[in-house]
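Chemist: I would like to see how this sequence folds:
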Amino acid sequence: MAIIETRDLTKYYGKARGITELNLKVEEGEFFGFIGPNGAGKSTLIRTLLGLIKPTSGEAKVMGKPLSLSREYLEEIGYLPSETTFYGDMKVSELISYSAKLRKKDCEKEAKALCERLELDTKKRIDQLSLGNRKKVGIVCAMQGNPQIYLMDEPTSGLDPLIQKEFFDLLHERQKEGATIFFSSHVLSEVQHNCTRAAIIREGRLVAEGSIQSLSGSNTKNITLHGINYIPDDISAKSVVKMQDGISFLYQGDIRQLLSKVSMLPITDMTINEPELEDVFMHYYEKGDE
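Modeler: Residues are numbered from 1 along each chain as shown. This next block holds a predicted model:
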């Protein structure tokens with residue numbers, strides 16, 4: 001069942017583009033990655049799903065309910081914004097308790113466990129916390145109610161590597177319990193290592209969607225040819241990078257045809273491997289590529 005679904009969802013801020021005709025479907029229980037650089041439209045989509053901003057056109061459903069009924073599903077969403085801002089004079093414990101009361105839930109036991117795992121000092125005031133510790137507070141507030149959906153917008157900024165690992169462990173545990181994780185990021189390695197499916201957004205439009213394996217692998221190969229600094233016109237190459245002793249590019253097609261053409265070139269060596277998600281991502285962001 002699609003727990004998040006959008007149809008031609010569009011949001012403009014005056015003449016400025018937010019998202020354009022976005023068609024996206026996230027199945028229940030998925031760990032879904034939403035990839036794009038800052039300004040691509042990731043936060044716009046999340047805020048629209050939360051009902052914080054109204055779309056210009058199109059429609060969306062969360063848990064089968066339209067955006068106009070967002071109040072009926074918000075209690076089942078744990079939201080972590082990319083930038084966390086809280087009341088500075090409150091203690092961490094007070095803020096977490098206040099957040100739980102807004103949900104009308106007793107989250108004391110779960111909040112305590114989360115604070116221990118994230119090494120968060122609940123006795124300090126918010127204005128005494130570093131960026132990373134404020135982000136921890138946001139994580140606890142988002143997760144303590146055990147919601148069905150997690151909307152995580154650039155959640156790892158400011159977290160040290162050990163806490164990042166603990167954070168992803170927590171998300172995977174929640175996913176195993178049946179929760180859906182919608183994870184927005186521009187850190188491609190995070191998406192590749194943790195998500196099952198992902199979508200790439202460019203300038204407000206969806207340019208690719210699929211399993212991590214299909215996005216980073218499929219019949220696309222990363223080819224490196226040593227001993228030459230050019231590619232013949234009859235080889236369909238993408239994301240070409242010139243190096244000191246050769247040239248590297250993405251190739252999508254019949255590998256036997258490629259080998260036949262390469263055998264005619266004065267190369268000294270050749271390597272073929274699966275591309276990283278980052279390589280594919282950069283292909284979609286090359287100027288002129290659609």
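Chemist: Now do the residue nearest the centre of the chain, the pLDDT please.
Modeler: Central residue check for the chain by Cα atoms, centre = their mean: the C-alpha nearest the mean position is that of residue 184, 2.8 Å away. Residue 184 is assigned a pLDDT of 92 by the prediction.
Chemist: Could you grab the helix/strand/coil label for it?
Modeler: Secondary structure, DSSP: H, G, I helix; E, B strand; the rest coil: residue 184 is strand.
Chemist: Touching, it and residue 152? I think so.
Modeler: Yes - at 6.5 Å, residue 184 counts as touching residue 152 under the criterion of Cβ atoms under 8 Å. C-beta: built from backbone N, CA, C; applies to glycine.
Chemist: Could you pull up the mean pLDDT of the lengthiest helix in the chain?
Modeler: Longest helix in the chain by number of residues (criterion: DSSP state H): helix 161-176. Over the span of helix 161-176, the pLDDT mean works out to 96.
Chemist: what's the answer for stretch 268-284, then?
Modeler: Stretch 268-284 comes out at a mean pLDDT of 72.
Chemist: Over to stretch 22-36?
Modeler: Per-residue pLDDT values over stretch 22-36 give a mean of 94.
Chemist: Now do stretch 184-200: everything it contacts.
Modeler: If you take Cβ atoms under 8 Å, 6 or more residues apart in numbering as the criterion, stretch 184-200 is touched by 24, 26, 30-38, 42-43, 46, 82, 151-156, 168, 171-172, 181, 183, 206-212, 215-216, 276-278, 281, 284.
Chemist: Which among these count as buried?
Modeler: Under a neighbour-count criterion of 16 or more other Cβ atoms under 10 Å, the subset of the contacts of stretch 184-200 counted as buried comprises 24, 26, 30-36, 42-43, 46, 82, 151-156, 168, 171, 181, 183, 206-209, 212, 215-216, 277, 281, 284.
Chemist: In strands, which of those residues appear?
Modeler: Using DSSP state E, 24, 26, 31-35, 151-153, 181, 183, 206-209 are the members of the buried ones among the contacts of stretch 184-200 that sit in strands.
Chemist: did I read that right, residue 200 in a helix?
Modeler: No - the assignment for residue 200 by three-state DSSP gives strand, which leaves it out of any helix.
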